[in-house]
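Visitor: sequence below, structure please.
(chains A and B, ligands or ions: 2)
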Amino acid sequence: MASSPVSRATGRVAVPVLGLIWLAVTTVPFLFMVMTSFKTQQESFSSSVWTLPEAFNLVNYIDVLSGSFLTYLKNSVMVVAISVLLVMLIASMAAYAFARIRFRFNEALFGLIVAGMIVPIHITLVPIYLMTRHMGLYDSPFALIGPYVATSLPISVFILTEFMRQIPKELEEAARLDGCGPFTIYFKIFLPLSGPGLSTVAIYNGIMMWNEFIFAYVLTSSTSTRTLPMAVWDFQGQYASNIPAILTVVTLTSLPLIVAYAFGQEKIVNGMMAGSLKG
Amino acid sequence: MTSITLSGVNKSFGANFPVIRGVDLTIDDGEFCVFLGPSGCGKSTLLRMVAGLETAYSGEIRIGDRVVDKVEPADRQVAMVFQNYALYPHMSVYDNMAFGLRQAKTPKDEIERRVKEAARILQIEPLLDRMPKALSGGQRQRVAIGRAIVRQPKVFLFDEPLSNLDAALRVHMRSEIATLHRNFPAASMIYVTHDQTEAMALADKIVLLHAGKDMLKHGSIAQVGKPLDLYHRPRNLFVAGFLGSPTMNFLPATFVGQETGGAHVTLKGGEELVVPVDGSQLAAGAPVTLGVRPEHLAPVPVPAIQTLTRKVSAVEHFGEYSFVYLDGGTPAPLIAKVAGDGGVKAGDSATFVAPADCCHLFDADGIALNHLNSL
Ligand SMILES: Nc1ncnc2c1ncn2[C@@H]1O[C@H](COP(=O)(O)OP(=O)(O)OP(=O)(O)O)[C@@H](O)[C@H]1O
Ligand SMILES: [Mg+2]
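Guide: Numbering: from 1, shown residues only, chains lettered A, B, ... in the order given. Ligands and ions are numbered 1, 2, ... in the order given. Below you'll find the predicted structure:
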């Protein structure tokens, strides 16, 4: 469709304006959060919400970090790292099979797995809770790994299969002539060449898991076993109305994600495009 | 023994028409064999069957005296060069060439020796540490060939290796591949192309595969032979029309009778010609097709025996030679390729002689009548 000069001009103005508005909507709460975390409780009540902190007061940080925050952090890192690695391994193997091995129910199975994306996790809560109890994993951080991996697989298999379908068939054939079987082809050719797809999967799922609340809430109950999203919950009870302290927890929790995003942004975007742009 | 024998080979994909049909073929020790044919005739498929990349066919393929139908690609002692090079993008040039040897657990120093040697032959020594994406098309092609050389295969397989290169580089690499063949006299080579120039330049033996409207012949061998055999003695209309550029002129004619000099025919225009072929199987009055290549039609001042006189519809000048388009060919216009500017212009009436030995006669089924004189 050819757009008229008028609508093109409007677009040239409207797009940046809308972009700025959206930027404000997303960054203002963030700024508010960071600013407040440097205020004392006293200050946060007396001053306006928008005034800068009188000094970069680290009292909240000291307070939070000397509590059980580090235990939560350790649990989060462990659960997310193990889950992400498992997702990458399982999803890439499945994707290789779906993208490259011809077998009778290939398309049907692929469709079924991808359909898993539309299952709301809420309806799985009770069964998973019961299963976890049966397995004796209740109130262990390891209880989270199974559900995290399972809920991440559909989108991951989808992204990686689309990615691997674009790897030229001849590379695989050259590898066969070079003496590789399916496993060697997977490890030495497809896995390394799927790097961008794998980082997309890792970052995307990593963020989801880092922020995941519901399973963590249902499957763990002690301070020593809970992950960061539960920290906010717990601190909320502990600090009652100490808003700066709570916002400090939130700031510290989102810090790793912000760092990860800053470094991985390009890969996230590219990876998402790789899945959708197909000739 | 590195001869390759295909016996009664048929292949179809799913329930479709066969793609390869009744192929019987022997490629001798150290021979350079070219699979030639139009797009879609099954050249690549046939090559890939020799490589072991296509399975589920009927018939038998032998490499040396071993039946390889159930042998894995890697164990067939073949190496293949792909059209799009198929270099591993995440490995350096050195690693690309060493990969197969490492898979085969070749000792490290042996790998290094072979890779260095191949790099020297192909003049890519300075590129060994580069990644494929930092190479030009010609360099990639060399690396792909290098990857084949290091494996010391008994058979080299090439699938249109030059078609992604520009024209000048293509001619250059063509001569390098010919050199490669001389450097490895013991290895047989199968080379797929749809470019007849490449085929004529490189081949010891051309295998021309059928394609086109006649589905019952699609994927069968139209003719096998030395390049000049196919050029001078095409066995049927398909071969005659495929080789040569511009293509052979075809004129409808009527068989009059067999004489001592050959078959006597009359053209639509009334001209009488004697073609030195064996027409003794034909009945008088049988429809035949006369074939004569544009480069064999020579201008003469006056009509005589063996000549055609036609009106000139157009002339194309290329300096060194000209194409003279004449009315009255079917279905395409007649073309004569003459030296210099041809000395005629559109609208003139011009006369050309068709030397008897350069004429071909095809029966109603498109099969060539045998020439009386051998080449
Ligand atoms: N995997 C496949 N499934 C179904 N049909 C196929 C398959 N591979 C090839 N074909 C068909 O087989 C025929 C021969 O294909 P092939 O690739 O061998 O042709 P080709 O002679 O190499 O042509 P080109 O010069 O275009 O490369 C074609 O009609 C093609 O459509
Ligand atoms: Mg081909």
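Visitor: use CA for all of it now, contacts and neighbours both
Guide: OK.
Visitor: how close does residue B:157 sit to chain A?
Guide: Separation of residue B:157 from chain A (CA to the nearest CA, to the nearest Å) stands at 11 Å.
Visitor: what lies in contact with the helix or strand where that residue lies?
Guide: Secondary structure assigned from DSSP states H and E places residue B:157 in strand B:155-159. Outside strand B:155-159, the residues that touch it by CA atoms under 8 Å, 6 or more residues apart in numbering or on different chains are B:2, B:44, B:47, B:51, B:77-83, B:148, B:187-193.
Visitor: at 7 Å instead, please
Guide: B:44, B:77-83, B:187-193 (CA atoms under 7 Å, 6 or more residues apart in numbering or on different chains).
Visitor: filter these by proximity to ligand 1?
Guide: residue B:44 (CA under 6 Å from any ligand atom).
Visitor: just the ones in helices from the contacts of strand B:155-159, please.
Guide: residue B:44 (DSSP state H).
Visitor: hey, what's residue B:18 bridged with?
Guide: residue B:12 (DSSP bridges).
Visitor: that one and residue B:9 touch, don't they?
Guide: No: between residue B:18 and residue B:9 there is no contact under CA atoms under 7 Å: 10.6 Å.
Visitor: returning to that earlier point: adjacent strands (with direction) for the strand holding residue B:157?
Guide: Short version: by DSSP bridges, strand B:155-159 pairs with strand B:78-81 (parallel), strand B:188-193 (parallel).
Visitor: take it, keep the C-alpha atoms, and write them as CSV.
Guide: Extracted in CSV, the C-alpha atoms of strand B:155-159 (Å, rounded to 0.1, in the frame of the first residue of the first chain):
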residue,chain,number,x,y,z
VAL,B,155,35.9,-40.5,-6.5
PHE,B,156,35.4,-36.8,-6.6
LEU,B,157,31.8,-35.6,-7.0
PHE,B,158,31.1,-32.1,-8.1
ASP,B,159,27.6,-30.6,-8.2
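Visitor: what comes up buried for the very next helix or strand once past it?
Guide: Once the chain leaves strand B:155-159, the next helix or strand it forms, by DSSP H and E, is helix B:167-183. For helix B:167-183, the neighbour count (16 or more other CA atoms under 10 Å in any protein chain shown) marks B:170, B:173-174, B:177, B:181 as buried.
Visitor: next one: stretch A:161-177
Guide: Neighbour-count burial for stretch A:161-177 [16+ other CA under 10 Å]: A:161-164, A:167, A:170-177.
Visitor: pLDDT and distance to residue A:73 added to the residues you listed, as a markdown table?
Guide: What follows is the buried residues of stretch A:161-177, written out as a markdown table (pLDDT from 0 to 100; distance: CA to CA, whole Å):
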| residue | pLDDT | distance to residue A:73 |
| --- | --- | --- |
| A:161 | 94 | 33 |
| A:162 | 91 | 34 |
| A:163 | 91 | 33 |
| A:164 | 93 | 34 |
| A:167 | 91 | 38 |
| A:170 | 92 | 46 |
| A:171 | 93 | 43 |
| A:172 | 93 | 42 |
| A:173 | 94 | 46 |
| A:174 | 94 | 46 |
| A:175 | 95 | 43 |
| A:176 | 94 | 45 |
| A:177 | 94 | 48 |
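Visitor: farthest pair in those?
Guide: A:162 and A:177 (24.9 Å; CA to CA).
Visitor: quick one on the thing from earlier: mean neighbour count and distance to residue B:352 for the strands paired with strand B:155-159 - can I get that in CSV?
Guide: Formatted as CSV, the strands paired with strand B:155-159 follow (neighbours: other CA atoms under 10 Å in any protein chain shown; distance: least, CA to CA, whole Å):
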stretch, mean neighbour count, distance to residue B:352
strand B:78-81, 26, 46
strand B:188-193, 26, 34
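Visitor: got those as JSON lines, with mean pLDDT columns?
Guide: As requested, those are arranged in JSON lines below (pLDDT from 0 to 100):
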{"stretch": "strand B:78-81", "mean pLDDT": "94"}
{"stretch": "strand B:188-193", "mean pLDDT": "95"}
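Visitor: ok, residue B:34 to residue B:19 distance?
Guide: Residue B:34 sits 18 Å away from residue B:19, going by CA to CA, to the nearest Å.
Visitor: so the two - more neighbours on which side?
Guide: residue B:34 (30 against 21; other CA atoms under 10 Å in any protein chain shown).
Visitor: ok, the helix or strand that contains the more buried one near ligand 1 or not?
Guide: Assigned by DSSP H and E, residue B:34 falls within strand B:32-36. No: residues of strand B:32-36 contacting ligand 1 under CA under 6 Å from any ligand atom: none, with a closest distance of 7.9 Å.
Visitor: please export the C-alpha coordinates of stretch B:61-68 as PDB.
Guide: Taking C-alpha atoms only, stretch B:61-68 is exported to PDB below (Å, rounded to 0.1, in the frame of the first residue of the first chain):
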ATOM      1  CA  ILE B  61      25.700 -49.000  -7.700                       C
ATOM      2  CA  ARG B  62      29.300 -50.200  -7.500                       C
ATOM      3  CA  ILE B  63      32.400 -48.300  -6.700                       C
ATOM      4  CA  GLY B  64      35.400 -50.400  -7.600                       C
ATOM      5  CA  ASP B  65      34.200 -53.900  -7.200                       C
ATOM      6  CA  ARG B  66      32.200 -53.100  -4.100                       C
ATOM      7  CA  VAL B  67      28.400 -52.800  -4.100                       C
ATOM      8  CA  VAL B  68      27.800 -49.600  -2.200                       C
END
